[in-house]
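[1] take a look and give me a structure for this.
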Amino acid sequence: MTVKYEPNLSENVPRMMDWKSLPAFLAVARSGSLRGGAEQLDGTHATVRRQIEGLEAQLGTMLFRRAAGGLTLTAAGRRLLPQAIEAEAALLKGFSAVKGLDREAAGRIRLSADPLTAHYMLAPVLADFAALYPEIEIELKLSYFIDSIAKDETDISIRHVTQVDDDAVGRKLFPLSLGVFAARAYIDAAMPKAGPKGAGLTWIGYGDVPELQSMIETTPFPNARVRHEIADPQMHLHLARAGAGMTFLANWVPTVFPELQRVPGTRLDQRRSTWILLHGDLRRVRRARLLVDYLSAALLERRTDFIGQ
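    Residues are numbered from 1 along each chain as shown. Prediction:
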């Protein structure tokens, strides 16, 4: 008795199968010819033939036989066809699901901001955003150092800078005003006793920061003593509230801490602007656009506090 062996494709499929050949197999099976398959794939006759031959070599069996009307499936080809169609459908479903994420209000987004702005201006804004879009997760990084969007260190960045050097999509909101602030009690007690050009007054120092030293020189108090070396603006804020001296702070700070007051006779420095920057690859990603638009609207509502008079 002669037993005809029909190849078991599950036995022959290698673990590292070249799945790129499946579209060629499906196109030829549907069209009935190499030329028709090439037209479906927008490829060449030779490329499709090579992919079919490679797939047959991997499986160790013929998938097509030549007939008068073109190519027809062998028994092995007929067994592979429904599995190939199922694999194609699964891939298309996966592509659609991933593509859909860009249209949905869901997923993770990375946001970077300086701690002072985040703690006292962004916290309520982000809480409202989270309630409105519960499927969007925000990874918030707080630093006074600027995270690079170009180097993929963050997706969205809020910056108070004189210029933007990063390769990103930017939205300039308004000027950020820096002013000289101190506690009302300090101003009332120390200012009447001050000597020429602020002698006898105290600056809370940032350390070796040439830009801030030059800013001190442009104030009415270049002779005031610079004490301490404190790089953290938030500590400056709290020391000023405690009456330790004068310091440079954003103009919005007294709206949160009314015990602070701009020192009489000083002017606002408006060389910086507040920007919201977005990674260029995320321009059409809905969760990113939603957050950028929400942050922009919330900050613009407070623009008077940032700019001052």
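
[2] could I get the full set of strands for the stretch 201-309 of the chain?
    Ranges of strands in the stretch 201-309 of the chain, per DSSP state E, counting those that start in this stretch, are 202-204, 225-227, 247-250, 260-262, 269-278.

[3] relative to Trp19, which of these is closest?
    Among the strands of the stretch 201-309 of the chain, the nearest to Trp19 by CB to CB is strand 269-278 (35.0 Å). Quick note: C-beta positions are derived from backbone N, CA and C, even for glycine.

[4] what are the pairing partners of that closest one, and which direction each?
    According to DSSP bridges, strand 269-278 forms sheet pairs with strand 156-161 (antiparallel), strand 169-183 (antiparallel).

[5] can you list the ones you listed in CSV and add mean pLDDT, distance to Glu229 and mean neighbour count?
    Below are the strands paired with strand 269-278 laid out as CSV (pLDDT from 0 to 100; distance: least, CB to CB, whole Å; neighbours: other CB atoms under 10 Å):
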stretch, mean pLDDT, distance to Glu229, mean neighbour count
strand 156-161, 89, 22, 21
strand 169-183, 90, 19, 20
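
[6] all the helices of the stretch 201-309 of the chain, residue numbers only.
    Counting by DSSP state H, counting those that start in this stretch, the stretch 201-309 of the chain has helices at residues 210-217, 233-241, 253-256, 286-301, 303-307.

[7] run the angle between the first one and strand 169-183 for me.
    Translated: helix 210-217. 50 degrees (axes from the mean of the first three to the mean of the last three CA atoms, to 10 degrees).

[8] CA atoms of helix 210-217 as CSV?
    Extracted C-alpha coordinates of helix 210-217, given in CSV (Å, rounded to 0.1, in the frame of the first residue of the first chain):
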residue,chain,number,x,y,z
PRO,A,210,27.5,86.2,36.5
GLU,A,211,24.1,87.1,35.0
LEU,A,212,22.5,87.7,38.4
GLN,A,213,25.5,89.7,39.6
SER,A,214,25.0,92.0,36.5
MET,A,215,21.3,92.3,37.4
ILE,A,216,22.2,93.4,40.9
GLU,A,217,24.5,96.1,39.3
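
[9] what's the offset of that helix from the middle of its chain?
    33 Å (CA atoms, centre = their mean, to the nearest Å).

[10] now what about it, what contacts it?
    178, 203, 206, 222, 224, 226, 248, 269 (CB atoms under 8 Å, 6 or more residues apart in numbering).

[11] nearest to Gln51, out of the helices of the stretch 201-309 of the chain?
    Nearest of the helices of the stretch 201-309 of the chain (CB to CB): helix 286-301, 36.9 Å.

[12] which strands and helices sit next to that closest one?
    The criterion is 3 or more CB pairs under 8 Å, 6 or more residues apart in numbering; DSSP states H and E, and the helices and strands that helix 286-301 contacts are strand 107-113, helix 123-132, strand 136-142, strand 156-161, strand 169-183, strand 269-278.

[13] list the buried residues for the second one?
    Think helix 123-132. 125-126, 129 (16 or more other CB atoms under 10 Å).

[14] and it with strand 136-142, angle?
    160 degrees.

[15] next: the fourth one.
    Taking the same axes, to 10 degrees, strand 156-161 and strand 136-142 form an angle of 30 degrees between their directions.

[16] just the CA trace of strand 156-161, in CSV.
    The C-alpha trace of strand 156-161 is given here as CSV (Å, rounded to 0.1, in the frame of the first residue of the first chain):
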residue,chain,number,x,y,z
ILE,A,156,6.6,68.7,26.5
SER,A,157,8.6,71.4,28.3
ILE,A,158,7.6,74.7,30.0
ARG,A,159,10.6,77.1,29.9
HIS,A,160,11.3,80.6,30.9
VAL,A,161,14.2,81.6,28.7
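
[17] picking up where we left off before, how about TSV for the strands paired with strand 269-278, with distance to Ala199 added?
    Below are the strands paired with strand 269-278 laid out as TSV (distance: least, CB to CB, whole Å):
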stretch	distance to Ala199
strand 156-161	32
strand 169-183	16
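
[18] among the buried residues of helix 123-132, which one sits closest to Ala240?
    Closest to Ala240, out of all of these and judged by CB to CB, is Val125, at 24.7 Å.

[19] how near is the closest one to His228?
    Distance of Val125 to His228, given as CB to CB, to the nearest Å: 32 Å.

[20] please apply the same query to Leu237.
    In terms of CB to CB, Leu237 sits 14 Å off from His228.

[21] more crowded one of these two?
    Per other CB atoms under 10 Å, whichever of Leu237 and His228 has more neighbours is Leu237, with 22 against 16.
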